[in-house]
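Chemist: The sequence and its predicted three-dimensional model are supplied below.
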Amino acid sequence: MSQTAGVKAFPIAGRVTSERERCLGMTPTERAWRKQWLQDQILDKNEPRYVEEYWKERTNPIRRFYRKPLDTIFTRLAPTIGHERAVNYRYITGKLGLIFVGILGAHYYFKYNGNDWTKKGGWRVLKTKPMVLPGQEGFPYRSEHTKDADYANRNFKNSPI
């Protein structure tokens, strides 16, 4: 759901939000209105307020479940390291955890789901031949494949069957 629930947003600041408009000239009424509007933008020391029930109503129960471990850790750390720093560390820890799980998942996939002669699926990982320039050891490069049958065997010759 959008913030305005489909209704076109109406700017309450009026034409005086732009510095250019204010420099063109403001009437005393606009000046008083602008002064009051700026004072209204200052939050009270107790704002913004965190209401637990409001957060529970707005978030998915599954999301609350998987966020609970890090939330518990960092709410206990907040008095020690500060609330703002705890929130930032909690965010970074969550993202690094997701990256780590993604790397582990990719490692598992490439290790156990390779494309060989026993399966139809899996990613086929090919190694390119190394670049060997004149004057370097191993020039000219010779492939380790000796016969034509060695090129597309997909580990068939190495199978224990």
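Modeler: In hand now; what should we look at? Small disclaimer: the values here were computed from a predicted structure and weren't measured.

Chemist: Once you drop chain neighbours, what's closest to Arg67?
Modeler: Gly94 (7.7 Å; Cβ to Cβ, 6 or more residues apart in numbering). C-beta: built from backbone N, CA, C; applies to glycine.

Chemist: The strand or helix carrying that neighbour - contacts with which helices or strands?
Modeler: For Gly94, the element it lies in under DSSP states H and E is helix 83-112. Judged by 3 or more Cβ pairs under 8 Å, 6 or more residues apart in numbering; DSSP states H and E, the packing partners of helix 83-112 are helix 61-81.

Chemist: can you tell me how far the most centrally placed residue in the chain sits from Tyr109?
Modeler: Centroid check for the chain by Cα atoms, centre = their mean gives Lys95 as the closest residue, at 6.4 Å. As judged by Cβ to Cβ, to the nearest Å, Lys95 and Tyr109 stand 21 Å apart.

Chemist: Val125 now?
Modeler: When Val125 is compared with Tyr109 (using Cβ to Cβ), they lie 11 Å apart.

Chemist: For Tyr112, see how far away the residue nearest to Arg67 is.
Modeler: For Gly94 relative to Tyr112 (Cβ to Cβ), the value is 27 Å.

Chemist: Tell me which of those two has more neighbours.
Modeler: Applying other Cβ atoms under 10 Å to Gly94 and Tyr112 shows that Gly94 carries more neighbours, namely 16 against 8.

Chemist: and this protein, what are its domains?
Modeler: The chain is divided into the following domains under automatic domain parsing: 14-49, 60-116.

Chemist: Return the most buried member of those.
Modeler: Among those, judged by mean count of other Cβ atoms under 10 Å, the one packed with the most neighbours on average is domain 60-116 (a mean of 12).

Chemist: Off-centre distance for it?
Modeler: Between the centre of domain 60-116 and the centre of its chain there are 11 Å (Cα atoms, centre = their mean, to the nearest Å).

Chemist: Tell me the span between the first and last residue of that domain.
Modeler: Length of domain 60-116, first residue to last, Cα to Cα, to the nearest Å: 42 Å.

Chemist: tell me the mean pLDDT for it?
Modeler: Computed over domain 60-116, the mean pLDDT rounds to 94.

Chemist: what's the answer for stretch 132-151, then?
Modeler: Across stretch 132-151, the per-residue pLDDT values average to 83.

Chemist: Nothing else from me, thank you.
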